[in-house]
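> Sharing a model prediction with you, sequence too.
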Amino acid sequence: MANRTTIKEFILLGLTDDPRIEVGLFLLLLGIYLLTLIGNMLIIIITLLNAQLYTPMYFFLRHVAWADIGSPTSVIPKALVNIATGSKSISLAGCFIQLFLNFAFGTTEFLLVAIMSVDRYIAICNPLHYPTIMNTRICSLLVICCWAGGISLILLPSIPLFLMPFCGPNVMNHFFCDNGPLMKLACVDSSFLEMTYFVVAIFSLLGTLSVNLVSYVKIISTILRIPSATGRKKTFSTCASHMTVVTIAYSTCIFLYMTPKDTNEFVFNKMMTLLSTVVIPFLVPIIYCLRNKQVQDALTAELRQWIGFCKRLR
């Protein structure tokens with residue numbers, strides 16, 4: 001196997017080969033990436049500093065923010081370097097690391113989102129038992145299980161993929177090392193490994209989606225039984241941001257994995273992967289800040305404290 005692995009690097013064709021488009025694309029990706037870092041770091045900092053946000057929901061949200069930083073960081077910086085330098089290459093080891101980190105962060109986020117929906121279900125449907133069930137120990141254990149589960153699920157098919165021989169060609173029609181294009185470049189039959197990745201995707205995508213659907217069906221049925229219209233609106237607003245994130249994230253992945261294969265497969269996959277890897281991590285902090293009054297109030301309070309501190313310094 002070692003003798004057959006002659007490829008030392010892969011060539012990533014990227015999103016376009018037009019130099020004029022690449023300039024605008026570079027600025028767009030850089031801007032989105034920086035805003036993604038700022039937005040998610042704001043969520044992390046606010047949920048750590050503001051005592052009103054010391055709840056399980058924002059504890060889980062903080063870890064979602066870490067995943068939303070990790071996923072684009074595994075992809076965008078290398079893509080920006082390739083655009084800026086004109087180089088389209090990535091080393092064999094760099095390709096494997098990029099693939100593993102991107103999928104591990106993404107899978108972990110799906111598990112965290114599912115846990116957040118269960119948290120909302122318990123808070124709304126069993127409010128009296130909520131403090132007992134979702135205590136600090138349980139929340140910490142759930143988060144550890146999400147990170148360990150996300151890493152383990154991706155590590156399972158990644159090890160045999162990393163051990164596969166690659167002896168040419170080495171050109172990948174993508175802007176980062178994705179598992180589909182990479183398996184097509186292996187010198188051996190990868191059908192079993194493709195099936196393994198499919199099973200992992202089914203479990204991580206449809207498994208967590210079913211948890212979200214069951215939780216929100218029960219939540220909505222509970223909300224509809226609230227006699228007061230104001231009470232219904234207030235209760236629904238506590239999970240509106242999470243429902244928006246779930247809708248966007250899962251719809252993107254379902255389109256990506258369930259679209260029929262055709263001649264535009266590579267173009268479509270690149271666009272949908274760009275949306276799920278780059279755009280969604282950018283939108284998550286915006287959605288939570290715009291649709292969540294508690295986060296808005298916390299940001300306003302911290303901003304006032306910072307302004308007051310700056311005035312005292314002068």
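Received the coordinates, thanks. If you're wondering where the values come from, they're calculated on a predicted model, not measured in any experiment.
> What is the neighbour count of Ser140?
For Ser140, the neighbour count with other CB atoms under 10 Å is 11. Every residue, glycine included, has its C-beta placed from N, CA and C.
> Next up, the contacts around the residue nearest the centre of the chain.
The residue lying closest to the centre of the chain (CA atoms, centre = their mean) is Gly106, at 4.2 Å. By CB atoms under 8 Å, 6 or more residues apart in numbering, the residues touching Gly106 are 67, 71, 150, 276-277.
> What of Ile83?
Taking CB under 8 Å, 6+ apart, one finds 14, 22, 25-26, 29 in contact with Ile83.
> any idea which helix or strand comes after the helix or strand hosting Leu153?
Here Leu153, judged by DSSP states H and E, is contained in helix 136-163. Reading on from helix 136-163 to the C-terminus, the next helix or strand found by DSSP H and E is strand 171-172.
> All the helices of the stretch 151-300 of the chain, in order from the start?
Assigned by DSSP state H, counting those that start in this stretch, the stretch 151-300 of the chain shows helices spanning 179-184, 191-201, 208-224, 229-258, 265-274, 280-291, 293-313.
> which of those helices sits most buried?
helix 280-291 (a mean of 20; mean count of other CB atoms under 10 Å).
> what helices or strands is that helix leaning on?
For helix 280-291, the elements it packs on are helix 19-49, helix 56-73, helix 229-258, helix 293-313, judged by 3 or more CB pairs under 8 Å, 6 or more residues apart in numbering; DSSP states H and E.
> Distance-wise, check Thr16 relative to Ile223.
46 Å (CB to CB, to the nearest Å).
> what does Leu163 give?
Leu163 is 50 Å from Ile223, by CB to CB.
> May I ask you to confirm that Ile90 is in contact with Gln98?
Yes. In terms of CB atoms under 8 Å, Ile90 counts as a neighbour of Gln98; the distance is 7.1 Å.
> Now list whatever residues contact both of the two.
78, 177.
> neighbours around the residue lying closest to Met164 once chain neighbours are set aside, how many?
Once flanking residues are discounted, Met164 sits nearest to Ala186: 4.4 Å by CB to CB, 6 or more residues apart in numbering. When neighbours are defined as other CB under 10 Å, Ala186 has 15 of them.
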